[in-house]
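Novice: Need a 3D model of the sequence below.
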Amino acid sequence: MKSHQSAQTMKPATAAKKLGVYLPATPAEFQEGVVSRAELDEFQANPPQWLQDLRNNGPHPRPVVAARLGVSIAGLARGGVTEALTTEQIEALRQDQPEWLEKERATQAEVRKETARIKEKNQAKQD
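Specialist: Predicted coordinates for the structure are as follows:
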């Protein structure tokens, strides 16, 4: 019975990850409870104000920060970014364009190019 129940609910950390928000910034009742699949679907369909605010202003979890800056999570770490950042902090980094960010963006562009090349090559083999 327990495995059936766990399939229907998730830990707050899992729900926060699926919602793309930083768990420590969520309301206490979210952090302390469990989230059902139906609640998660409702959060996604009709986000409450706190969720809208977090998505707009942050603090954002590292995967979101990395995506907004166009770098990998490892690239963030190499750049010394190990904490969640607000939208304002992300914008400041975009404006300042530190050397590490330029370098990591270039690295990420190369990775994407190589991934596309491999995908194309594999596709040609299948045809």
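
Novice: Can you give the contact residues for stretch 42-59?
Specialist: 15, 19-22, 24-27, 35, 60, 64, 83-90 (C-beta atoms under 8 Å, 6 or more residues apart in numbering). Glycine gets a C-beta too; all of them are placed from N, C-alpha and C.

Novice: same thing but at 6 Å, please
Specialist: Applying C-beta atoms under 6 Å, 6 or more residues apart in numbering, the contact partners of stretch 42-59 are 19, 21-22, 25, 27, 84, 86-87.

Novice: mind listing the helices for the chain?
Specialist: 2-8, 12-19, 28-32, 37-45, 49-57, 62-69, 73-78, 87-96, 99-126 (DSSP state H).

Novice: Pipe those helices into a markdown table and attach mean neighbour count and mean pLDDT per row.
Specialist: Below are these laid out as a markdown table (neighbours: other C-beta atoms under 10 Å; pLDDT from 0 to 100):
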| stretch | mean neighbour count | mean pLDDT |
| --- | --- | --- |
| helix 2-8 | 8 | 51 |
| helix 12-19 | 17 | 93 |
| helix 28-32 | 12 | 92 |
| helix 37-45 | 12 | 92 |
| helix 49-57 | 14 | 94 |
| helix 62-69 | 18 | 93 |
| helix 73-78 | 16 | 92 |
| helix 87-96 | 13 | 94 |
| helix 99-126 | 12 | 90 |
